[in-house]
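Engineer: Next input, structure requested:
(2 chains)
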Amino acid sequence: MKKPENVCFVLALLLASAAAVLAADGSWLQRVPAIERHLVDPYDNQPQAIAAGKFLFSEHCAQCHGSDAHGRHGHPDLRSERVARATDGELAWLLRNGSLAKGMPSWSTLPEPERWQIIAFLRSLPRDAEPVRVAGH
Amino acid sequence: MFTAPAFRIAAPLGTLHSLPHRFSNSRNHSWHRTALLSSALPLFSALLPPTAASTAARAQEPPYFVTYSQVLEEPGNLEIAQRGLTGSPKDSNAFYNSTLELEYGAKAWWTTELYLQGQATAKDSAIFTGFRWENRFRVLPTERWINPVLYLEYEDVNGADKSVLEVTGHDSIADFQERNADSRGDISRTIEGKLILSSEPKGWDVSENWIMEKNMMGGAWEFGYALGASRPLAFTGGSRECTFCRQNFSAGAELYGGLATVHDFGLHHTSHCAGPTMFFNLPHGPTLGFSPQFGLSSNSAGILWRVTASYEVQQFRDLFRSKKAR
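Structural biologist: So this is what the prediction gives:
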């Protein structure tokens, strides 16, 4: 009598595992609503915002992504091709929502302008260049 | 270097209730013991972090003492906090309650936390009052207009506890009036659940907590609430690192109280408090907080003064990884 229940449980477990695998590695990009995908960073290329973003990055992000943003301990490299290709809106969506299953927390309580400043800083980093040391590290 | 003292704190959990007897046998030097107990915990939290990690992060937590928001600890980080509460309630002796809080981000959606509590009362004694273990789980994977977080807690505290980490049921000023020798034997093992609802409208944080609590040793389900609203004093980061810039401060207010029990749900014979709160985040350093909180009903303590100092050890779990894995 218990066999069908066990089969259902195993199937549910397999489906959950498959969903978790599918959710990995950049699949968050597909969840970004179109209206947010096309948002543009209001601080793009503004030196003061980039400098502020640098401080914010060193306080909140460098612990996982490294002071040079190349990633550490398996956390993503923020100077990668995928991040460079992502739109401002997609990065803003990720900062706001996080990717909880993958270990990226939500930063929604960080004020929105500060999140844009971090994105401005990320955009200012050279791709595949010498690592840039963030102030204080 | 880091792990040994942490385990030393955790180890005596099995002998918690032998501590009050040892501390309260003599009342003559109660304030010396106050110093012993209440300074040992902040000293621990002040000295330990620099040995553990070279940097600390500015927490994004809103400035609340009682209310919880949707913010969880970043995965792998350990926050060590010392919370102090002092007051001189009507018809009872002045007291100082000290709570050591160890908060660890297990996952991006799960935070687990251990509290160790003690208090010292003037003209009475200083005693260890118990511990709490809480877990918070984020329910939804993405941000919504209102974000729910589930909270589950087990607490093992005695009747001398004056931490006021929440108010439920008919908690009142009368709880402060008993002598420690009388109240320490009243041990409660309680499970508590909270529904935390949190929103972030236009840079503000607005959080509501609905609390239900049951003493497993008897008694009815008790209810309570906590509400908070806050915002940082500046929404943009500065281009230069500075200590006393507006973006390093956040301010808010909170209101909390009891909602009686399942048998007499409501505000009758309950206690309520409210007050402004202010947090100061030192760049790459600790966070300091302060709040005067005022009783709003005849059952409430007049004024309670709360202070906190917390320090976040970044990527604490890396200390336990092999060099190869790093």
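
Engineer: Which of the three states applies to B:A181?
Structural biologist: helix (DSSP: H, G, I helix; E, B strand; the rest coil).

Engineer: give the contact list for the residue most central in space within chain B.
Structural biologist: Closest residue to the average C-alpha location of chain B: B:L165 at 5.5 Å, with Cα atoms, centre = their mean. Contacts for B:L165 (Cβ atoms under 8 Å, 6 or more residues apart in numbering or on different chains) come out as B:V66, B:T99, B:Y115, B:R132. The way it works is simple: take the backbone N, C-alpha and C, and place the C-beta from them, glycine included.

Engineer: now, among these, which is nearest to chain A?
Structural biologist: Comparing these against chain A with Cβ to the nearest Cβ places B:V66 closest, at 17.6 Å.

Engineer: Can you pull the phi and psi angles for that closest one?
Structural biologist: Note on B:V66: backbone dihedrals following degrees, to the nearest 10 are phi -120, psi -40.

Engineer: Just give the number of residues close to it.
Structural biologist: 23 (other Cβ atoms under 10 Å in any protein chain shown).

Engineer: now do the one 4 residues further on
Structural biologist: The local packing of B:Q70 (other Cβ under 10 Å) involves 25 other residues.

Engineer: Next, the contact list for it, please.
Structural biologist: A:S106, A:S108, A:T109, B:R138, B:N147, B:P148, B:V149, B:I196, B:S198, B:S207.

Engineer: List the beta-bridge partners for B:G228.
Structural biologist: As for beta bridges, B:G228 partners with B:S207, B:E254 under DSSP bridges.

Engineer: beta partners of B:L114?
Structural biologist: Here B:L114, judged by DSSP bridges, has bridge partners B:L102, B:W133.

Engineer: related to what we said a few turns ago, for the contacts of B:Q70, which PyMOL command selects only the ones that are buried?
Structural biologist: Remark: buried members of these, expressed as a PyMOL selection using 16 or more other Cβ atoms under 10 Å in any protein chain shown:
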select buried, (chain A and resi 106+108+109) or (chain B and resi 138+147+149+196+198+207)
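
Engineer: Show me which residues of chain A sit near chain B.
Structural biologist: Residues of chain A lying close to chain B by Cβ under 8 Å from any Cβ of the partner chain are A:31, A:47-49, A:51-53, A:55-56, A:59-60, A:62-64, A:72-73, A:96-114, A:117, A:135-137.

Engineer: returning to that earlier point: looking at the contacts of B:Q70, which two lie furthest apart in space?
Structural biologist: Within the contacts of B:Q70, two members stand farthest from each other by Cβ to Cβ: A:T109 and B:P148, at 15.2 Å.

Engineer: picking up where we left off before, list only buried entries from the residues of chain A next to chain B.
Structural biologist: The buried subset of the residues of chain A next to chain B (16+ other Cβ under 10 Å) comprises A:49, A:51-53, A:55-56, A:59-60, A:62-64, A:72-73, A:96-114, A:117.

Engineer: Sort out which of these are in helices and list them.
Structural biologist: When those are checked against helices (DSSP state H), the matches are A:49, A:51-53, A:55-56, A:59-60, A:62-64, A:96-97, A:112-114, A:117.

Engineer: For burial, what's the neighbour tally of A:R82?
Structural biologist: 12.

Engineer: tell me the contacts of it?
Structural biologist: So A:R82 contacts A:G26 (Cβ under 8 Å, 6+ apart).

Engineer: Next, it: phi, psi?
Structural biologist: phi -60, psi -40.

Engineer: Where does pLDDT dip in the chain?
Structural biologist: Since no chain was named, I'll use chain A. A:1-25, A:128-137 (pLDDT under 70).

Engineer: Sorry, I should have been clearer: chain B.
Structural biologist: Using pLDDT under 70, chain B drops low at B:1-59, B:322-326.

Engineer: where do the helices sit along it?
Structural biologist: B:3-10, B:19-24, B:30-52, B:180-183.

Engineer: Can you point out the buried residues in the shortest one?
Structural biologist: This means helix B:180-183. B:N180, B:A181, B:S183.
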